[in-house]
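Chemist: need a 3D model of the sequence below.
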Amino acid sequence: MSDELKHKYIAVAGNIGAGKSSLTGLLGKNFNWKTYYESVDNNPYLSDFYDDMRRWSFNLQIYFLSSRFRHQKEMQQAMVNLIQDRTIYEDVEIFAKNLHDMGLMSNRDYENYCTLFHEMVAYLRPPDLLIYLRAEVPTLVRQIQKRGRNYENTIRIEYLERLNSLYEDWIDRYEHEKLIIDTDNLDFVNSDEDLGKVIEMVEHRLFGLFK
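Modeler: All right, here's what the predicted structure looks like:
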């Protein structure tokens, strides 16, 4: 077995407010994995995007795509066990597709974006395990409000519902190893018992997958 394959790559996927960043940190600490987070706070387009999605959709998606591609390359070269907050696949399968479906990204921009995406992912290794955090919209809204990011105040419930539908479609088609965790009745941030349940599920899947 090559050195690269000895090091595990875990990814956490899910809608806005599903708890990806929190779980990434908690699992990273528990398993001693290096953590990689989505670039949000330093994103120069995010606030403008929520104010005018049609104008800034392509710019935002290209920023996320380039940022995640850079992180993916770093991770593949790191030679350590690691966990990532959100995958590059969600960019095209969820967010860019939704913007295009809503008429907020033109056909020309969307086709250009998809072409670039497929060129990039051909060079990347998929996660050894994808953890999908499933949450209903009320759970997402509650957690978005709790963290209090100003630029998320304008997110509409319809937008979250559309993203949830796309996530369910994508995760159903996802062909690699995956673990689906329903989070509506879990509080792995504040409950040690709930966190223990999640860790147990991950350990079980890793043991079966990597033994």
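
Chemist: per-residue pLDDT, the nearest residue to Met79 once chain neighbours are set aside?
Modeler: Nearest residue to Met79, sequence neighbours excluded (CB to CB, 6 or more residues apart in numbering): His7, at 5.5 Å. Where C-beta positions appear, they are placed from N, C-alpha and C, glycine not excepted. Looking at His7, its pLDDT is 84.

Chemist: number of nearby residues for His7?
Modeler: Look at His7: counted by other CB atoms under 10 Å, it has 17 neighbours.

Chemist: what residues are up against Ala18?
Modeler: Leu133, Arg134, Ala135, Thr139, Leu140, Gln143, Thr183 (CB atoms under 8 Å, 6 or more residues apart in numbering).

Chemist: which stretch of helix or strand covers it?
Modeler: Per DSSP states H and E, Ala18 falls between elements, in no helix or strand.

Chemist: and the gap between it and Asn164?
Modeler: 9 Å (CB to CB, to the nearest Å).

Chemist: list the buried residues of stretch 161-177.
Modeler: By 16 or more other CB atoms under 10 Å, the buried positions in stretch 161-177 come out as Arg162, Leu163, Asn164, Leu166, Tyr167, Trp170, Ile171, Tyr174, Glu177.

Chemist: what of stretch 121-131?
Modeler: Those would be Val121, Leu124, Pro126, Pro127, Asp128, Leu129, Leu130, Ile131, for stretch 121-131 by 16+ other CB under 10 Å.

Chemist: and the most centrally placed residue in the chain, what are its phi and psi?
Modeler: Closest residue to the average C-alpha location of the chain: Arg86 at 2.1 Å, with CA atoms, centre = their mean. Per-residue torsions, Arg86: phi 70, psi 140 (degrees, to the nearest 10).
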